[in-house]
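In: return a 3D structure for these sequence lines:
(one chain, ligands or ions: 1)
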Amino acid sequence: MNTQTDFDVIVVGGGHAGTEAATAAARMGARTLLLTDNIETIGQMSCNPAIGGIGKGHLVREIDALGGVMGRAADRGGIQFRTLNARKGPAVRATRAQADRALYKAAVRSIVENTPNLSLFQQSVADLIVDGDRVAGVMTTMGLAFHAPTVVLTVGTFLGGTIHIGHKRFGGGRAGDAPSNALSERLRALDLPVGRLKTGTPPRIDAKSIDYSQLAEQPGDEPAPVFSFMGERAEHPRQVSCHITYTNETTHQIIADNIGESAMYSGQIDSVGPRYCPSIEDKVVRFADKASHQIFIEPEGLTSAEVYPNGISTSLSFETQQKVVRSIAGFEHAHITRPGYAIEYDYFDPRALSYTLETQAIAGLYFAGQINGTTGYEEAGAQGLLAGLNAARAVAGESAWWPRRDEAYLGVLVDDLITRGTIEPYRMFTSRAEHRLLLREDNADTRLTPAGRELGLVDDTRWAAFEAARAAVAGEQARLSAIIVKPEDLGADRGERLLGSALKQATPAADLLKRPGVNHAQVVAIETVGAPDLAHLNAETAEAIGDQVEIQAKYAGYITRQSAEIEKTRQHEATLLPADLDYGAVSGLSNELRGKLEDVRPATIGQAARIPGMTPAAISLLLVHLKKLG
Ligand code: FAD
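Out: This next block holds a predicted model:
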């Protein structure tokens, strides 16, 4: 019977992990409850108002390829879009959207509220109902019991959350929200390894008090990219610029003079913070030789007068924060609307989870997001999706699903967490993926949408759009292969102007794309080639077809080689490495990798391949060496 208290999947927490987990489970048909302590904060961005960036944008595209929320909400809430690394190779190109906090949150909430099979309930969860070694539901602070065979906990920075501003400290899940102390105590009583991490946020500033004439303007890209495969530029709200300023020697002196106030340097906090998102006091201490640090002034929204000064996260006292801020060009008369702060919270060692993010200790209990030691909306959303879909599959009696490292950044993320754990807040980078060329933002849909469709995550509309795009790419590849371009088709200079160098012999149009610097637009500009008919696709999808055909043509050789190396490694996953193997005798191995292998002494090729920094080429050298040894 479908009652108000019995469900298949209960998701606790309405942040980035929770909304992806709940909508994924519901899309797959599971009766799902999203229990969160405040419905008004569903989809709230606790820190910077931005989605994506290098490595993170890749995760957003993957979440989207599996039918998730984040990319669609970013298209509706994004007020400045940029493609980062636009001039570098396609593997490291990444989309980033500056978001209007209110619009982003409203978009997430609207998707959540309009998802069939998904119910919401506002109440804080204080306890888990555990039956032997299985979870059976949750209990709220009011004493209400909700039952389900699977529970996904996505409570972010709230477990035992402690906020620090200078020497002051108080409980909080983030500014304005109470911490989850009862749940923290309950989880600490279970057989799960727990630790403390910290993160921080900068003060917010009233835009009216900033002298923008002193700041450099940074507009978004024109035309603006879209995040979702289903996204359209027309969905974007009005686009605005960000601005840039810098700290200076006075700023650094103020920080150095008051460093003892910083919760971290006074010894008030000893947990580890995000290395790649350090506080301003961290930057001043660690990079003492740098005379200035860049600050991006990011608008909080189209109707908000607050800005987010990205780069000066701090836990110094409010008085010192004011001095620091006012020492910066353009901020001389700045009015702080909210002080910056650091927050410490409980996290659980992800090595105690399985690949589905289910805890090994308690069947049916899943953890996703910041609770697993990660940082960032995108990392949280990706985990939420994985946990939610697997909870739904477990309830339906279906086998677990997760992507491999060579299939998705989501696969890299979960494998890193499960096998290596983390001692500092973990964020995604393209450098974490050994198969970067295969895991591009632009092919997230071809990598994952077919699996998403089989899993029941991808609806008919998206599937039809995906198939149309896939057919258009294949059609354009076939068309360009069939058209032979002759040197005389290119005019008097035989293509020197258009293609960089003259064409010497008749060549299939598809092969022209293999030339460095030649793009699809240039090839279709040749009169005898002409443009493909893509009128049946929306404008954004049609634009992507040319890029796709070009990337596949240009990188075909590398992609085939990388795929072959992956296949070879996979075949050798279980091949044993002798415990006393002399890695010094493996010819061609770099000193760095030899050192790592000697430290870890992996038992199998599979384990060797997962050592951080290990390359497919080094694995090939090991295989050659093993063959020599007989
Ligand atoms: P959250 O977004 O925190 O969502 C948790 C949800 O659980 C909330 O909806 C909350 O209301 C709900 N909840 C909590 N306890 C309960 C309970 N007992 N019962 C019911 N509901 C509950 N990320 C970066 O990438 N870079 C940064 O520099 C950065 N700085 C940060 C600074 C601060 C101060 C904070 C707070 C976060 C920062 N983050 C940063 C992290 C980013 O906000 C998180 O990574 C992201 O929000 C994690 O998503 P999540 O879904 O795991 O948790």
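
In: hey, let's count contacts and neighbours off CA atoms from now on
Out: Noted.

In: quick one: name whatever helix or strand follows the helix or strand of the chain with the lowest mean pLDDT.
Out: Lowest mean confidence among the helices and strands of the chain (mean pLDDT, DSSP states H and E): helix 496-499, at a mean of 82. Tracing the chain past helix 496-499, the next element assigned as helix or strand by DSSP states H and E is strand 507-508.

In: in its sheet, what does that next one sit against?
Out: Using DSSP bridges, the strands paired with strand 507-508 are strand 484-485 (antiparallel).

In: list of residues touching the strand it pairs with?
Out: 506, 507, 508, 509, 528, 529 (C-alpha atoms under 8 Å, 6 or more residues apart in numbering).

In: which of those ranks first by neighbour count?
Out: Counting by other C-alpha atoms under 10 Å, residue 509 has the largest number of neighbours within the contacts of strand 484-485, with 23 neighbours.

In: wouldn't that residue be in contact with residue 478 here?
Out: No - judged on C-alpha atoms under 8 Å, residue 509 makes no contact with residue 478 at a distance of 10.1 Å.

In: which parts of the least confident helix or strand of the chain are buried?
Out: Within helix 496-499, the residues scored as buried using 16 or more other C-alpha atoms under 10 Å are 498, 499.

In: elements contacting it?
Out: Helices and strands touching helix 496-499, by 3 or more C-alpha pairs under 8 Å, 6 or more residues apart in numbering; DSSP states H and E: there are none.

In: got the CA positions of that helix in CSV?
Out: In CSV, the C-alpha atoms belonging to helix 496-499 read as follows (Å, rounded to 0.1, in the frame of the first residue of the first chain):
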residue,chain,number,x,y,z
GLU,A,496,46.1,28.0,-49.3
ARG,A,497,43.9,30.8,-47.8
LEU,A,498,41.2,28.4,-46.5
LEU,A,499,43.2,25.4,-45.5
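
In: so what touches stretch 209-221?
Out: For stretch 209-221, the external contacting residues (C-alpha under 8 Å, 6+ apart) are 80-83, 239-245, 329-335.

In: buried subset of these?
Out: Listed as buried from those are 80-83, 239-245, 329-335; burial here means 16+ other C-alpha under 10 Å.

In: neighbours around whichever residue of the stretch 151-300 of the chain sits closest to the ligand, how many?
Out: With C-alpha to the nearest ligand atom, the shortest gap between the stretch 151-300 of the chain and the ligand falls at residue 156, namely 3.1 Å. Using other C-alpha under 10 Å, residue 156 has 30 neighbouring residues.

In: surely it is within a helix?
Out: No - Residue 156 is assigned coil when assessed by DSSP: H, G, I helix; E, B strand; the rest coil, not a helix.

In: what's near enough to touch it?
Out: If you count contacts by C-alpha under 8 Å, 6+ apart, residue 156 has them with 13, 15, 369, 370, 371.

In: one more time with 7 Å, if that's ok
Out: Counting by C-alpha atoms under 7 Å, 6 or more residues apart in numbering, residue 156 touches 369, 370, 371.

In: how many residues are close by residue 4?
Out: Neighbourhood size, residue 4 [other C-alpha under 10 Å]: 11.

In: separation between it and residue 155?
Out: Using C-alpha to C-alpha, to the nearest Å, residue 4 is found at 22 Å from residue 155.

In: go ahead and confirm residue 159 touches residue 184.
Out: Yes - look at residue 159 against residue 184 with C-alpha atoms under 7 Å: they come within range, at 5.0 Å.

In: so which of these two has more stuff around it?
Out: residue 159 (24 against 21).

In: residue contacts, the more buried one?
Out: Residue 159 sits next to 179, 180, 181, 183, 184, 345, 346 when contact means C-alpha under 7 Å, 6+ apart.

In: and the residue nearest to residue 403 when sequence neighbours are not counted, what element?
Out: Once flanking residues are discounted, residue 403 sits nearest to residue 411: 4.8 Å by C-alpha to C-alpha, 6 or more residues apart in numbering. Per DSSP H and E: residue 411 is located in helix 409-420.

In: let me know the average pLDDT across whichever helix or strand comes after that helix.
Out: Later in the chain than helix 409-420, the nearest helix or strand by DSSP H and E is helix 444-455. Average pLDDT, helix 444-455: 98.

In: mind listing what's buried in helix 444-455?
Out: Residues of helix 444-455 classed as buried under the neighbour-count rule (16+ other C-alpha under 10 Å) are 444, 445, 447, 448, 449, 450, 451, 452, 453, 455.

In: tell me the first helix or strand C-terminal of that helix.
Out: Past helix 444-455, the next helix or strand by DSSP H and E is helix 460-482.

In: please export the C-alpha coordinates of that next one as CSV.
Out: Extracted C-alpha coordinates of helix 460-482, given in CSV (Å, rounded to 0.1, in the frame of the first residue of the first chain):
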residue,chain,number,x,y,z
ASP,A,460,11.6,9.5,-24.6
THR,A,461,12.1,13.2,-25.6
ARG,A,462,15.8,13.2,-24.7
TRP,A,463,16.3,9.8,-26.3
ALA,A,464,14.7,10.9,-29.6
ALA,A,465,16.9,14.1,-29.6
PHE,A,466,20.0,11.9,-28.9
GLU,A,467,19.2,9.5,-31.7
ALA,A,468,18.6,12.4,-34.1
ALA,A,469,22.0,14.0,-33.2
ARG,A,470,23.8,10.6,-33.4
ALA,A,471,22.3,10.0,-36.9
ALA,A,472,23.2,13.6,-37.9
VAL,A,473,26.9,13.0,-37.0
ALA,A,474,27.0,9.7,-38.8
GLY,A,475,25.2,11.3,-41.8
GLU,A,476,27.7,14.2,-42.0
GLN,A,477,30.7,11.9,-41.7
ALA,A,478,29.3,9.7,-44.6
ARG,A,479,28.5,12.8,-46.7
LEU,A,480,32.0,14.3,-46.2
SER,A,481,33.7,11.0,-46.9
ALA,A,482,31.8,10.8,-50.2
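
In: for it, packing partners?
Out: On a contact count with 3 or more C-alpha pairs under 7 Å, 6 or more residues apart in numbering; DSSP states H and E, helix 460-482 meets strand 507-508, helix 509-512, helix 539-554.

In: pull the CA atoms of the helix or strand following the last one into CSV?
Out: Right, helix 539-554. Sequence-wise, the next helix or strand downstream of helix 539-554 (DSSP H and E) is helix 556-571. Presented in CSV, the C-alpha positions along helix 556-571 are these (Å, rounded to 0.1, in the frame of the first residue of the first chain):
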residue,chain,number,x,y,z
ALA,A,556,40.6,9.4,-34.5
GLY,A,557,44.2,8.0,-34.4
TYR,A,558,44.7,9.0,-30.7
ILE,A,559,41.3,7.8,-29.7
THR,A,560,41.8,4.4,-31.4
ARG,A,561,45.2,4.0,-29.7
GLN,A,562,43.8,5.0,-26.3
SER,A,563,40.9,2.6,-26.7
ALA,A,564,43.3,-0.2,-27.7
GLU,A,565,45.4,0.5,-24.6
ILE,A,566,42.4,0.4,-22.3
GLU,A,567,41.3,-2.9,-23.9
LYS,A,568,44.7,-4.4,-23.3
THR,A,569,44.9,-3.2,-19.7
ARG,A,570,41.4,-4.6,-19.1
GLN,A,571,42.4,-8.0,-20.4
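
In: near the ligand, which residues of the stretch 1-150 of the chain?
Out: Proximity of the stretch 1-150 of the chain to the ligand, by C-alpha under 6 Å from any ligand atom, involves residues 12-18, 35-38, 41-42, 45-47, 124-126.
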